[in-house]
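Novice: Sequence below, structure please.
(one chain, ligands or ions: 1)
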Amino acid sequence: MSLQRGNNLFMRHLLYFKNARQYGGISRNLVQRRGLTTTQAKRPQSGPSTLKLAVLGSALGATGGTVYSLYMNWQDGNSHKEHERIKPEVIKEFPANVRITKRFVNPKDTSGLDITLFQFQTCPFCCKVRAFLDFMGLSYKVVEVDAVLRQDIKWSSQKKVPMVLIRQRDGRYVQMSDSSAIISLIASYLNDKKTDVGELAQFYPTISYFDDNLKKKHDIMNKYFLMYQDHTPKGYSKEAEETERKWRTWADSHLVHLISPNCYQSLEEAFETFEWFAQAGEWDIHFPRWERNLMVYAGATAMWGIAKMLKKRHQLSDDVRSHIYDACNKWTKELEKRKTKFMGGKQPNLADLSVFGVLSSMEGCQAFKDCVANTNIGEWFYSVKQLVQNSRGELIRERIEGEIPSMLNAVAN
Ligand SMILES: N[C@@H](CCC(=O)N[C@@H](CS)C(=O)NCC(=O)O)C(=O)O
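Specialist: Next comes the predicted model:
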């Protein structure tokens, strides 16, 4: 769009320049300013003065055009002020009283990154981020946030998870929200470690806009774009980049909206789902009993209600399973068409990791079991899972004393 706007300005500039020469408007003013009469000006001119006038006219035309362009640019440059554009937050010190619940430590991680992920274990957006961090073999800390009370993100103005704090070179921490922006930021850094992660984060500001219903919304700019600058990875084609972006967008704009209506379609399924969340999120050991139960009962009831609303919003029929089966089939058909194991070819790319992450959020739910039984998603899903697990760091639980219940070890795998 900016390119088009630039072209328009260029055309306007050219037209102005052309008009000034053709109709002599500027030249006439110049003549008057220099104290000549119009009669004098109209006198037949000898060769050199006509040329001089033409040159002066052209110069003024060009200057006028440039000033006009600059004015238009200045106006365009200010138009964004109708909306906000907020840079990522940078905080001086790691927030006090934040409870790190676990760490993944990979001795092979040479990124030098110090990442803390604030998450809900089974939130599809958080699962996406973890799938990416694990696949990349990164070490990171996890703060399991209580979905109801959210004590561990009280310090933050940003109330959604996933959110990360990443240590910059100057020792401060840059805060990034939105699963796709987090993935793009870290992937950009891994591609070119020379640029500080805090500097790269500036490419992902939050902007506000108005949706179709004139409701003010916020989003992160460039969230599906990697900032390669001068270091585009070898063998990367425009087509591959675009395909990756397309399916990453699909994971966020379509696939993810099928999760809640499927996992909470009845109150019974909602409780079952939350019991799986409690198990996967290790709520029994991270939170007191009352808090764990509050999360299960309040969460399941709330989500059962919310899922009905979401079903309507995303125009899903009562047969919600059919929509998620369609989505799984769409994905596997695309792989068949491409004749590749993964969307990234022989290895998963960010689209594979995003789709895998979203689906893994419901791995313990009936909805996922039904997807595996009724579509071909299983083969691809378990291949990605294997690779993600193979490159994941070692799990170290921070706040657990005594023996870890065996069921939790099973969940970690
Ligand atoms: N677009 C965001 C969505 C994040 C999001 O909606 N997270 C949910 C958890 S699954 C949340 O924190 N909701 C709390 C709230 O909306 O207050 C992303 O990709 O990270």
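Novice: So the nearest residue to Ser179 once chain neighbours are set aside versus the ligand, what's the distance?
Specialist: Leaving aside its sequence neighbours, Ser179 sits nearest to Phe125 (Cβ to Cβ, 6 or more residues apart in numbering; 3.9 Å). Bear in mind the C-beta positions are built from the backbone N, C-alpha and C, glycine included. In this structure, Phe125 and the ligand are 4 Å apart, going by Cβ to the nearest ligand atom, to the nearest Å.
Novice: Quick one: neighbours of Phe125, just the number.
Specialist: Close neighbours of Phe125, defined as other Cβ atoms under 10 Å, add up to 23.
Novice: Now for it: which residues touch it?
Specialist: 161-162, 178-179, 256 (Cβ atoms under 8 Å, 6 or more residues apart in numbering).
Novice: what do you get for Ile220?
Specialist: 177-178, 180-181, 204-207.
Novice: Which of those residues are buried, as a ChimeraX select command?
Specialist: A single ChimeraX command selects the buried members of these (16 or more other Cβ atoms under 10 Å):
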select :177,178,180,181,204,206
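Novice: Let's have the contacts of Ile220 in CSV, adding pLDDT.
Specialist: As requested, these are arranged in CSV below (pLDDT from 0 to 100):
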residue, pLDDT
Ser177, 95
Asp178, 97
Ser180, 98
Ala181, 98
Tyr204, 97
Pro205, 96
Thr206, 95
Ile207, 94
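Novice: ok, Trp105 - contacts?
Specialist: Just so we're on the same page, residue 105 is Val rather than Trp. Applying Cβ under 8 Å, 6+ apart, the residues near Val105 are 139, 393-394, 396.
Novice: what does Thr340 give?
Specialist: By Cβ under 8 Å, 6+ apart, the contact list for Thr340 reads Lys346.
Novice: any idea how far it lies from Val384?
Specialist: Applying Cβ to Cβ, to the nearest Å, the value for Thr340 to Val384 is 13 Å.
Novice: what kind of secondary structure is the closest residue to the ligand within the stretch 251-400 of the chain in?
Specialist: Proximity of the stretch 251-400 of the chain to the ligand (Cβ to the nearest ligand atom) peaks at Asp252, 6.1 Å away. In three-state terms, and counting by DSSP: H, G, I helix; E, B strand; the rest coil, Asp252 is helix.
Novice: How about the residues of this protein by the ligand?
Specialist: With the criterion set to Cβ under 6 Å from any ligand atom, the chain comes near the ligand through 120, 123, 125, 159-162, 178-180.
Novice: And the residue lying closest to Thr332 once chain neighbours are set aside, what's its pLDDT?
Specialist: In this structure, Thr332 finds its nearest non-sequential neighbour in Asn376, 4.7 Å apart by Cβ to Cβ, 6+ apart. Looking at Asn376, its pLDDT is 98.
Novice: Could you report the distance from Asn376 to Asp318?
Specialist: From Asn376 over to Asp318 (counting by Cβ to Cβ), the distance is 25 Å.
Novice: what about these two, which has more around it?
Specialist: More neighbours surround Asn376 than the other of Asn376 and Asp318, with 16 against 9 (other Cβ under 10 Å).
Novice: Might one say that the more buried one is in contact with Glu334?
Specialist: No - assessed by Cβ atoms under 8 Å, Asn376 is found out of contact with Glu334, at 11.9 Å.
Novice: For the residue lying closest to His314 once chain neighbours are set aside, grab phi and psi.
Specialist: Of all residues not flanking His314 in the chain, His257 sits nearest, at 4.6 Å (Cβ to Cβ, 6+ apart). Backbone geometry at His257, expressed as degrees, to the nearest 10, gives phi -70, psi -10.
Novice: same question, Lys217
Specialist: The phi/psi pair for Lys217 (degrees, to the nearest 10) reads phi -130, psi 160.
Novice: and the nearest residue to it once chain neighbours are set aside, what pLDDT?
Specialist: Counting by Cβ to Cβ, 6+ apart, Asp211 is the residue found nearest to Lys217 once chain neighbours are left out, at 5.1 Å. Asp211 is assigned a predicted lDDT (pLDDT) of 88.
Novice: Could you pull up phi and psi at Asp211?
Specialist: phi -80, psi -180.
Novice: From here on, call the first residue 449.
Specialist: Renumbered: residue one is now 449, and that last one reads Asp659.
Novice: ok, back up a step: give me the distance between the residue nearest to His762 and Glu782.
Specialist: His705 is 19 Å from Glu782, by Cβ to Cβ.
Novice: again with Asn554
Specialist: From Asn554 to Glu782 the distance is 31 Å (Cβ to Cβ).
Novice: And for Ser605?
Specialist: 39 Å.
Novice: more crowded one of those two?
Specialist: Taking neighbours as other Cβ under 10 Å, Ser605 and Glu782 compare with Glu782 leading, 16 against 8.
Novice: tell me the contacts of the residue lying closest to the more buried one once chain neighbours are set aside?
Specialist: Distances taken as Cβ to Cβ, 6+ apart place Met791 nearest to Glu782, at 7.2 Å, with adjacent residues excluded. With contacts defined as Cβ under 8 Å, 6+ apart, Met791 is in contact with 691-692, 695, 782-783, 797, 799-800, 803.
Novice: Go through these and name the one nearest Trp731.
Specialist: Using Cβ to Cβ, Val803 comes nearest to Trp731 of the contacts of Met791, at 26.5 Å.
Novice: how many other residues sit next to Trp603?
Specialist: Neighbourhood size, Trp603 [other Cβ under 10 Å]: 12.
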